[in-house]
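Engineer: I need the structure of the sequence given here:
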Amino acid sequence: MREFRQIFYSVVFVTAAVVSGCGVKTNMLNNNYTVTPNPLEVKGDTITITINANVPAKSINPKANIQFQPYLSTAKGEVALKAVTIGGEKATGTDITVNSKTGGKISYTEKVAYNADLERATLYPNFSAKVGESYKEIPTAKGSKVLAEGTVTTPLLAKSGAGSMVFDADNYVSSDENKMVNIYFAKDIAKFNAGFKIKGQFDNEAQINQLKGLLKSDKNWVVKGISINAYASPDGELSRNQNLSKGRSESSLNYFKKELKKLGFTEVNDQTLKMGYTLAEDWAGYEKAVAASMHADKDGVLNIIKNKSVSDEEKEGLIKRNYPKFWESTKNTLLPALRRSELVVTGQKPLKSDDELKANLAKLETLNEAELLHLAAITPDMETKAKIYTVMTTKFAQDWRGFNDLGAVQLSMSKTSEGLASLNTANSLSPENAAVLTNLGNAYLIQKDFNKAGEFYKAAVAKGGNASYGMGVIAIKKGNYADAVANLNKADKKDFNLALAQLLNGSAADAKTTIDNMKPEEMTWECYYVRAIAGARMANQDVMNTNLTRSIQLNAELRNKAKNDVEFIKYWSNPAFQAAIR
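Structural biologist: Model (predicted):
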């Protein structure tokens, strides 16, 4: 009895006639298939195989039932892929139905976890015909036709290392410092009196000596300006106090310029020396003084002071009229201390030069935070950087910057566990800090935990950080090459990973240009090897061969890799290629 008239396989489909009796006769037709990608390609940790075919009209028996199960042949054996069944319209229980009269389309997709054995794997079809209740292999179909040869493993060259570490900004600049004391004036007197004092309340001479002591304590300090912040007691008209304040300011500034010159601050003669004054009636100070007093009327007075619906001048009148005894008893005890000026001397301490900082490498504990951070920034040696940042974390244990920067250095030195511990400490000191979050993403990227790395990168971006580089590397690892190129371009870091992403995204010319523009000290064997692949894809044998030779000079193991790398499959038998990898 005739069971099949004809079974056609186009990607992987055979023409088979199963004749009555025990004999099975198979007639193979030329394959008509498309395998995508071809060669196969690893993305992330997976190879996705897609096989598409057109089944011609009248090429399959309506009752035919064929099992298709392709396989990968490797040096260590065969890897069977999933099986699907294909049948005519009268067959039952099949996965795919093809009309015997009109034909149809077949699509097959399978994903395989990548391992190194699959780099030189060959994809073959395998068919079995259903006879009775079981499928019997069609012997001549197995291994009869190569569907795809080899696997492109170029994406695995992506570097997950510490290429995008974020250090605290090196803001090693002089900053203004203020040294300040209060000085006091007698009521309605504009001229500054250095000997003015009220026993038990204040003493201008003591205040001045205090300021001189502050200034003498740092011989490197440079005066940049003097200002008077004057406060008047609430008794009296503001306009009168304003005129009085101006006179007090000029008198005070002249006096202190002379005193600063005596201390050796010759810069007070500089025309760029800033001088100024401000005036305010000190109602806040008066309120505080009243609240601290023991007077029986203080609650009533405080109610007037706190009343925002009346002006300051009205408040003074209300207190005098309603609480005259309070006013008389306190005008000589509370008010004099409010007739004060804050004498503010602004200056800068000159920064240590880079050479001076380097001279302190043996005594790092003498440096402040800014000096330690800058010294680490200008130090190229990673071990020395780590030493500086370690001192920073010990001396300034509450400063997140030391732990963040130490963690970044440790990751760069492949000390991932230590780096992660340092960054976790930085994160506890400064939660939701974009720099720290980015570096935590980098740590998990190095550990190949791409999901966790991605979470930290997204958190960093939400806080205003730029995690584009790390996100670009993750995109390469996941096979999203267009996203990888976009992110790496945002990071503005024209390095190997960008070139690799451009190559994988289909632009070998851009990849070559990126590598061409890299600095000589940045060129590793990976750079030359990827440029060789770009040459192969561009059919530029000179670029391919020159860069293959150079890459092998830097890494001899590439000789065997190139022999099996399907990126060069068209050139394996080419004498120039063989000479390049010799």
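Engineer: quick check: domain ranges of the chain?
Structural biologist: What automatic domain parsing lists as the domains of the chain is 16-152, 177-348, 355-580.
Engineer: so where's this structure shaky on pLDDT?
Structural biologist: Where the chain drops to pLDDT under 70, the residues are 1-31, 140-144, 162-163, 174-175, 232, 235-241, 267-281.
Engineer: Please report how far the closest residue to Asn564 other than its chain neighbours lies from Thr109.
Structural biologist: In space, and not counting its chain neighbours, Asn564 is closest to Arg120: 5.2 Å by CB to CB, 6 or more residues apart in numbering. The C-beta positions use only the backbone N, C-alpha and C, and glycine is treated the same way. According to CB to CB, to the nearest Å, Arg120 and Thr109 sit 22 Å apart.
Engineer: The two: who's more crowded?
Structural biologist: Taking other CB atoms under 10 Å, Arg120 and Thr109 do not tie; Arg120 has more neighbours (16 against 12).
Engineer: you'd agree the more buried one is up against Gly150?
Structural biologist: Yes - counting by CB atoms under 8 Å, Arg120 does reach Gly150; the two are 5.8 Å apart.
Engineer: Need the residues touching each of these two.
Structural biologist: Asn564 (CB atoms under 8 Å, 6 or more residues apart in numbering).
Engineer: mind listing what's buried in the helix or strand hosting Leu373?
Structural biologist: According to DSSP states H and E, Leu373 maps onto helix 369-377. Of all the residues in helix 369-377, those buried under the rule 16 or more other CB atoms under 10 Å are 370-377.
Engineer: What is that helix packed up against?
Structural biologist: With contacts taken as 3 or more CB pairs under 8 Å, 6 or more residues apart in numbering; DSSP states H and E, helix 369-377 sits against helix 354-358, helix 382-395, helix 400-412.
Engineer: ok, residues contacting that helix?
Structural biologist: Residues contacting helix 369-377 (CB under 8 Å, 6+ apart): 167-168, 170-172, 352, 354, 357-358, 360-361, 364, 367, 385, 388-389, 391-392, 395-396, 399, 401-402, 405.
Engineer: Quick check on those residues: which are buried?
Structural biologist: Buried members of the contacts of helix 369-377, counted by 16+ other CB under 10 Å: 167-168, 172, 352, 357, 360, 364, 367, 385, 388-389, 391-392, 395-396, 399, 401-402, 405.
Engineer: Around Ala386, how many other residues sit close by?
Structural biologist: 21.
Engineer: please renumber so the chain begins at 3
Structural biologist: With the count now opening at 3, the last piece we talked about shows up as Ala388.
Engineer: Surely it is in contact with Val411?
Structural biologist: Yes - counting by CB under 8 Å, Ala388 touches Val411, with 5.0 Å between them.
Engineer: Direction included, what does whichever helix or strand Val347 is part of pair against?
Structural biologist: In this structure, Val347 sits in strand 342-350 according to DSSP H and E. Within its sheet, strand 342-350 is paired with strand 179-186 (antiparallel), strand 224-234 (antiparallel), according to DSSP bridges.
Engineer: So which bits of it are buried?
Structural biologist: In strand 342-350, counting by 16+ other CB under 10 Å, buried: 342-349.
Engineer: Redo those as a markdown table? Include distance to Lys214.
Structural biologist: Formatted as a markdown table, the buried residues of strand 342-350 follow (distance: CB to CB, whole Å):
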| residue | distance to Lys214 |
| --- | --- |
| Arg342 | 18 |
| Ser343 | 17 |
| Glu344 | 16 |
| Leu345 | 11 |
| Val346 | 15 |
| Val347 | 10 |
| Thr348 | 16 |
| Gly349 | 14 |
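Engineer: Quick check: of those, which lies closest to Glu289?
Structural biologist: Relative to Glu289, the closest of the buried residues of strand 342-350 is Arg342; by CB to CB it sits at 15.7 Å.
Engineer: for the stretch 53-202 of the chain, what spans make up the strands?
Structural biologist: Counting by DSSP state E, counting those that start in this stretch, the stretch 53-202 of the chain has strands at residues 67-70, 73-76, 79-82, 86-89, 98-99, 106-115, 124-126, 129-133, 136-139, 150-151, 153-154, 179-186, 199-200.
Engineer: For Thr526, find the nearest of the ones you listed.
Structural biologist: Closest to Thr526 of the strands of the stretch 53-202 of the chain, according to CB to CB: strand 153-154, at 20.6 Å.
Engineer: I'd like to know which elements that closest one is packed against.
Structural biologist: Counting by 3+ CB pairs under 8 Å, 6+ apart, strand 153-154 packs on strand 42-45.
Engineer: The strand it packs on packs against which elements?
Structural biologist: Under the contact definition 3+ CB pairs under 8 Å, 6+ apart, strand 42-45 sits against strand 48-57, strand 153-154.
Engineer: sorry, back to before: CSV please, covering the strands of the stretch 53-202 of the chain and showing distance to Trp574.
Structural biologist: CSV is the format used below for these (distance: least, CB to CB, whole Å):
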stretch, distance to Trp574
strand 67-70, 30
strand 73-76, 18
strand 79-82, 23
strand 86-89, 33
strand 98-99, 36
strand 106-115, 24
strand 124-126, 14
strand 129-133, 30
strand 136-139, 32
strand 150-151, 11
strand 153-154, 15
strand 179-186, 71
strand 199-200, 99
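Engineer: I'd like to know which of those is closest to Ala503.
Structural biologist: Ala503 sits nearest to strand 153-154 of all the strands of the stretch 53-202 of the chain, at 14.7 Å, using CB to CB.
Engineer: For the closest one, which outside residues touch it?
Structural biologist: For strand 153-154, contacts defined as CB under 8 Å, 6+ apart pick out 39, 41-44, 49, 116, 120-123, 568-569.
Engineer: Tabulate these (JSON lines), appending distance to Asp284.
Structural biologist: Shown next, in JSON lines, are the contacts of strand 153-154 (distance: CB to CB, whole Å):
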{"residue": "Pro39", "distance to Asp284": "80"}
{"residue": "Pro41", "distance to Asp284": "84"}
{"residue": "Leu42", "distance to Asp284": "82"}
{"residue": "Glu43", "distance to Asp284": "77"}
{"residue": "Val44", "distance to Asp284": "75"}
{"residue": "Ile49", "distance to Asp284": "79"}
{"residue": "Tyr116", "distance to Asp284": "76"}
{"residue": "Leu120", "distance to Asp284": "82"}
{"residue": "Glu121", "distance to Asp284": "82"}
{"residue": "Arg122", "distance to Asp284": "87"}
{"residue": "Ala123", "distance to Asp284": "86"}
{"residue": "Val568", "distance to Asp284": "84"}
{"residue": "Glu569", "distance to Asp284": "80"}
